[in-house]
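**Student:** got a sequence here, can you model it:
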Amino acid sequence: MIAGKVFLLIDDDRFFAKLTAAMLAPAEVVIAKNGAEGLAFMKERHFDLLITDLLMPEKDGIETILEIRRANATLPILAISGGGRYNPREDLLRMAQRLGANGTLQKPFARADLQAAVDQCLAAGPAG
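**Tutor:** Have a look, this model is predicted:
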């Protein structure tokens with residue numbers, strides 16, 4: 001289901017982003033280091049899915065989801081998070097879903113779980 005698709009992956013952890021991109025083969029994955037860079041990429045080209053981490057410097061995933069939903073109500077969004085020192089990942093992921101993410105996934109995750117979440121987001125269509 002992902003062959004021929006183009007995904008935008010926003011994550012400030014370069015190693016994790018490259019590993020995640022490899023898990024998504026054969027889809028094309030464009031990597032952004034934060035929400036600001038991701039939003040700039042979105043102005044340049046079409047993406048079939050956005051995958052965003054939630055805790056990042058400069059522009060976090062929650063802000064990014066809100067901005068994208070204002071500009072593009074139909075783009076499927078998968079929010080991912082390993083949580084933070086003061087924010088349990090379950091709370092962050094619930095908030096992301098309430099604000100427009102189609103699906104969520106806790107870090108770390110296995111390839112099969114990532115692919116299942118991506119397939120579910122692509123099949124679900126726009127968040128409601």
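**Student:** list the buried residues of the helix or strand of the chain with the lowest mean pLDDT.
**Tutor:** Lowest by mean pLDDT, DSSP states H and E among the helices and strands of the chain is helix 89-98, with a mean of 86. Counting neighbours by 16 or more other CB atoms under 10 Å, one finds that the buried residues in helix 89-98 are 89, 92-93, 95-97. To be clear about C-beta, it is placed using only N, CA and C from the backbone, and glycine gets the same treatment.
**Student:** how far away from the center of its chain is that helix?
**Tutor:** Averaging C-alpha positions (CA atoms, centre = their mean, to the nearest Å) puts helix 89-98 13 Å from its chain's average.
**Student:** how about stretch 22-33: buried residues?
**Tutor:** Counting neighbours by 16+ other CB under 10 Å, the buried set in stretch 22-33 is 23-24, 27-33.
**Student:** looking at these, which is nearest residue 70?
**Tutor:** Of all those, the one with the least separation from residue 70 (CB to CB) is residue 32, at 18.1 Å.
**Student:** might one say that that closest one is in contact with residue 12?
**Tutor:** No. Taking CB atoms under 8 Å as the contact criterion, residue 32 and residue 12 are not neighbours in contact, 9.2 Å apart.
**Student:** so what touches stretch 2-14?
**Tutor:** Residues from elsewhere that reach stretch 2-14, judged by CB atoms under 8 Å, 6 or more residues apart in numbering: 17, 20-21, 24, 26-35, 37-38, 41-42, 45-53, 56-57, 61, 64, 80, 115, 118-119, 122.
**Student:** can you get me the start-to-end distance on it?
**Tutor:** This stretch, stretch 2-14, spans 22 Å end to end (CA to CA, to the nearest Å).
**Student:** contacts only, for the residue sitting nearest the centre point of the chain.
**Tutor:** Relative to the mean C-alpha position of the chain, the nearest C-alpha, by CA atoms, centre = their mean, is the one of residue 51, at 1.5 Å. When contacts are counted by CB under 8 Å, 6+ apart, residue 51 touches 7-11, 20, 77-78, 80, 118.
**Student:** again, only using 7 Å
**Tutor:** 7, 9, 78, 80 (CB atoms under 7 Å, 6 or more residues apart in numbering).
**Student:** in strands, which of the residues you listed appear?
**Tutor:** Those of those mapping onto strands are 7, 9, 78, 80, per DSSP state E.
**Student:** that'll do, ta.
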